[in-house]
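**Student:** how does the following fold in three dimensions:
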Amino acid sequence: MPLIDQMTSLLETDAAGLNQLANQYQTIHPIASRCGVLAKTDVQPLINQGAAKEDIAASILQAIVNQTISGLACGKPIRGKVAFLGGPLYFFR
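**Tutor:** Sure, this is the predicted structure:
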């Protein structure tokens with residue numbers, strides 16, 4: 001199951017709902033994004049501790065962005081603004 005699907009299942013929403021929640025975040029928490037299992041080990045304790053779903057949703061999206069940039073940039077700095085389009089990023093603004 002893809003990472004986004006696993007995370008939306010934990011938050012009991014869908015990808016569009018994840019996006020809506022993330023729009024209201026206050027805090028970004030560190031989350032591993034290499035695979036769903038690692039991400040779940042970061043997300044489940046946040047849920048158990050009562051972290052806001054909005055914060056968790058934004059943290060998940062930030063983790064995906066960080067992983068995508070790391071993969072695309074291969075360790076080199078990225079200058080300017082970057083927009084991700086298509087695929088699972090269809091839902092996100």
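**Student:** which one's the longest helix in this protein?
**Tutor:** Longest helix of the chain, by residue count under DSSP state H: helix 53-73.
**Student:** contacts for that helix, please.
**Tutor:** 3-4, 7, 11, 13, 18-19, 21-34, 39, 43, 46-47, 78, 82, 84, 92 (Cβ atoms under 8 Å, 6 or more residues apart in numbering). (Each C-beta comes from the backbone N, C-alpha and C, glycine too.)
**Student:** so among those residues, which ones count as buried?
**Tutor:** Among the contacts of helix 53-73, those classed as buried by neighbour count (16 or more other Cβ atoms under 10 Å) are 3-4, 7, 11, 13, 18-19, 21-22, 25, 29, 31-33, 39, 43, 46, 92.
**Student:** read off the pLDDT value for Ile28.
**Tutor:** On the pLDDT scale, Ile28 is placed at 95.
**Student:** what's the answer for Arg93, then?
**Tutor:** Per-residue pLDDT puts Arg93 at 48.
**Student:** count the residues that sit near Asp5.
**Tutor:** 13 (other Cβ atoms under 10 Å).
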